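J.: structure here, sequence nowhere to be found:
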């Protein structure tokens, strides 16, 4: 079964801390997405990666294709970063072309 | 607002009733996806369209679920004879696909369904 595993499931940290969220997947992919979901349901796409590293503001996403692993980092975390962060992959094999999602990491940044 | 929109935002229905949700994608986006998200879980893929063609529907949860995109613009998702287990957030996303599966999907706000 093609699965996406995220860790940790829950993370509480103090404002200013460096945050790392991990994602691993089981088979070859064409792309990996990091998404942010706030209470109420809205999902925002943060990054789409097929190799290497991307940076946007205080957010950094990396992917290691050989190890089938990706990380999302938040530098100088702030309470407004509190949200659920979801990793999702598009598998490169045949079949359905929708994303396969992890269960999400619930991040709380305390002031 | 030129983002993905979904209507209604909330729907409460009684078991056994039919419900229909609408998704308006970002204009010029040729792909449209439907996902379902239950409490505490990540979304799960249901179906998607490339223009008006439904390219994958084997992941629809049962034959009570159907989706259409008749003119390649907006889409509807219908659930017939709703059950309490259908209570969830139904998410729509759209993207521009240029031949590779590396397009960014833009999500709508979702329709929260509660089946009593």
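T.: Great, that's in hand. Given the structure is predicted, the values throughout are model-derived calculations rather than measurements.

J.: would you map the helices across chain B?
T.: Here chain B has no helices by DSSP state H.

J.: strands of that one, residue ranges please.
T.: For chain B, applying DSSP state E gives strands covering B:5-7, B:10-13, B:19-24, B:31-37, B:44-50, B:53-56, B:65-68, B:75-79, B:88-95, B:106-107, B:111-115.

J.: who are the contact partners of the residue nearest the centre of chain B?
T.: Chain B has residue B:34 as the residue nearest its centroid, 3.0 Å off, counting by C-alpha atoms, centre = their mean. Residue B:34 makes contact with B:23, B:45-48, B:67, B:75, B:77, B:90-92, according to C-beta atoms under 8 Å, 6 or more residues apart in numbering or on different chains. For the C-beta atoms, the positions are set from N, CA and C on the backbone; glycine is no exception.

J.: now, which of these sits nearest chain A?
T.: Nearest to chain A among the contacts of residue B:34, counting by C-beta to the nearest C-beta, is residue B:45 at 3.0 Å.

J.: residues near the closest one, how many?
T.: By other C-beta atoms under 10 Å in any protein chain shown, the residues close to residue B:45 number 20.

J.: report the beta-bridge partner residues of it.
T.: Counting by DSSP bridges, residue B:45 forms beta bridges with residue B:35.

J.: with residue B:77 instead?
T.: Beta-bridge pairing for residue B:77 (DSSP bridges): residue B:21, residue B:67.

J.: do I have it right that it meets residue B:33?
T.: No. Residue B:77 is beyond contact range of residue B:33, at 10.8 Å (criterion: C-beta atoms under 8 Å).

J.: circling back: mind putting the strands of chain B in TSV, mean pLDDT and distance to residue A:52 included?
T.: Compiled in TSV, these are given as follows (pLDDT from 0 to 100; distance: least, C-beta to C-beta, whole Å):
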stretch	mean pLDDT	distance to residue A:52
strand B:5-7	96	34
strand B:10-13	96	41
strand B:19-24	97	33
strand B:31-37	94	25
strand B:44-50	91	26
strand B:53-56	86	29
strand B:65-68	95	35
strand B:75-79	97	34
strand B:88-95	94	21
strand B:106-107	92	23
strand B:111-115	96	36
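
J.: quick one: residue B:24 from residue B:55, how far?
T.: 20 Å (C-beta to C-beta, to the nearest Å).
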